[in-house]
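S.K.: Turn this into a model:
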Amino acid sequence: MEGNRPKRRKDKYNPYTICEKDGQYYVSFKDGQGVLHKLEISKVLFDTFDSFELSDLVYLNVVDRHIEQSEVWESTLNVRAVQKPEGIEEVVLKKIQAETLHTAMKKLPEMQRRRMQLYYFEGMTYEQIARKEGCTKMPVKRSIEAGIERLKKELKKI
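M.R.: Okay, here's the model as predicted:
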């Protein structure tokens with residue numbers, strides 16, 4: 001029913017559709033019972049509806065580009081308020097722990113290190129790692145478990 005007009009995104013509260021066909025202008029809408037009505041309208045009224053649609057589009061684009069991205073939700077504010085900023089001691093301790101872990105991981109065999117990296121740091125499942133490496137799930141699982149045991153032993157030394 002759109003004629004040669006490009007299809008426009010509409011606000012969900014816009015109940016009507018306008019079109020032009022063979023030099024005649026129409027507006028259609030569904031009533032409260034869901035019955036579709038199509039009425040012929042004048043060019044002036046068509047242009048008015050068209051102007052309203054374009055204004056809605058401008059507003060929808062502003063919302064998409066600016067407003068929704070900058071809104072702060074109550075839950076986000078609560079999380080920010082509850083979280084205490086890390087102290088310098090905590091930051092330094094975490095850095096030392098990360099360096100210690102990376103040093104210990106460097107001592108693992110290449111396959112175990114790679115699989116543990118994929119599993120723990122890249123969030124892959126045993127199945128995904130197995131598919132990537134062309135094996136079954138069990139060797140991946142065993143390799144990661146053995147790597148954890150080796151890391152435990154290595155970290156106890158430190």
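S.K.: buried residues in the strand or helix carrying Arg142?
M.R.: Element membership for Arg142 (DSSP states H and E) is helix 137-157. In terms of neighbour count (16 or more other C-beta atoms under 10 Å), helix 137-157 has its buried residues at Val140, Lys141, Ser143, Ile144, Gly147, Arg150, Leu151, Glu154. In this view, the C-beta of every residue, glycine as well, is placed from N, C-alpha and C.
S.K.: now what about stretch 110-128, what contacts it?
M.R.: The contact list for stretch 110-128, computed with C-beta atoms under 8 Å, 6 or more residues apart in numbering, reads 105-106, 108, 129, 132-133, 137, 140-141, 143-144, 146-148, 150.
S.K.: Just the closest of the residues you listed to Val35, please.
M.R.: Lys132 (56.2 Å; C-beta to C-beta).
S.K.: residues in contact with the closest one?
M.R.: Per C-beta under 8 Å, 6+ apart, neighbours of Lys132: Leu118, Met124.
S.K.: what about Asn14, which SS state?
M.R.: Put simply, Asn14 is coil when judged by DSSP: H, G, I helix; E, B strand; the rest coil.
S.K.: name the element the nearest residue to it once chain neighbours are set aside belongs to?
M.R.: Excluding its sequence neighbours, the residue lying closest to Asn14 (C-beta to C-beta, 6 or more residues apart in numbering) is Asp56, at 6.2 Å. Element membership for Asp56 (DSSP H and E) is helix 43-62.
S.K.: And that helix, what does it pack against?
M.R.: Contacts defined by 3 or more C-beta pairs under 8 Å, 6 or more residues apart in numbering; DSSP states H and E place helix 43-62 against strand 16-21, strand 24-30.
S.K.: got the buried residues for that helix?
M.R.: Buried positions in helix 43-62, judged by neighbour count with 16+ other C-beta under 10 Å: Phe46, Phe49, Glu53, Asp56.
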